[in-house]
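> Here you go, sequence then predicted model.
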Amino acid sequence: MKLDLGCGSRKAEGFLGVDISADVGADFVHDLRVVPWPFADDSVDEVRCTHFFEHLSGEQRMAFMDELWRVMKPGATALFITPYWQSYGAVQDPTHQWPPVCEASYFYFNRRWRETAGVAHYPIHCDFDLNYAFWMGPDWLKKPQAETAFGLKHYCNVANDLHATLRKRA
């Protein structure tokens, strides 16, 4: 089973859509802030979550990730696409929640990182490995790698979106 969580009207091909709205053609109408989700433990092979995660509060993000971990099969992957925290897209939408999403936001969803950082007591139980990349506009893609790295560190709107791929650890 492949799920597109918070799919809206742009459900990915080959995925079952999950959305709060019955008006967007989702396969499952469900408020993803409400757990449990209507899926069995270890039943999901792949997940997409595009421009939804940033609409959850910090507390809701923790519950969302724990529920995601519950329904995904070990080794399954989830792709999250969110506006990058240093882009106008992260802060222009009044429905986006604080804090904006950055690559370090996902560190909290790795058990070993939580233990090393001294936050193992946080109410998070999931355990994901993380890889991430940035979606940048065409002007930045043409620049040398060193200049792009400098821009990401020092300027706004270099990266428009963050693409985070999470893999469920067994």
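Everything's here; your move. These numbers come from a predicted model, not from an experiment. Numbers count the residues shown, from 1 in each chain.
> For V44, which residues are in contact?
Residues near V44 by Cβ atoms under 8 Å, 6 or more residues apart in numbering: 1-3, 71-73, 76. In short, each C-beta sits where N, CA and C put it, glycine included.
> quick one: which of these sit in helices?
Among the contacts of V44, DSSP state H puts V71 in helices.
> Have a look at the protein and report the helix or strand with the lowest mean pLDDT.
Counting by mean pLDDT, DSSP states H and E, the chain has its least confident helix or strand at helix 138-141, which shows a mean of 86.
> just the CA coordinates of it, formatted as PDB?
In PDB, the C-alpha atoms belonging to helix 138-141 read as follows (Å, rounded to 0.1, in the frame of the first residue of the first chain):
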ATOM      1  CA  PRO A 138      17.100  27.600 -11.700                       C
ATOM      2  CA  ASP A 139      19.400  30.600 -10.900                       C
ATOM      3  CA  TRP A 140      21.000  28.700  -8.000                       C
ATOM      4  CA  LEU A 141      21.200  25.400  -9.800                       C
END
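> How about residues contacting it?
148, 151, 158-159.
> Select from the residues you listed the one having the most neighbours.
A159 (25 neighbours; other Cβ atoms under 10 Å).
> isn't it right up against T148?
No - contact criterion Cβ atoms under 8 Å: A159 and T148 do not qualify, at 9.1 Å.
> hey, what's in contact with both of the two?
136, 140.
> Adding neighbour count, distance to P144 and pLDDT, write the contacts of V44 out as CSV.
Output for those, formatted as CSV (neighbours: other Cβ atoms under 10 Å; distance: Cβ to Cβ, whole Å; pLDDT from 0 to 100):
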residue, neighbour count, distance to P144, pLDDT
M1, 15, 43, 98
K2, 14, 37, 98
L3, 27, 39, 98
V71, 21, 42, 98
M72, 26, 38, 98
K73, 15, 41, 98
A76, 20, 36, 98
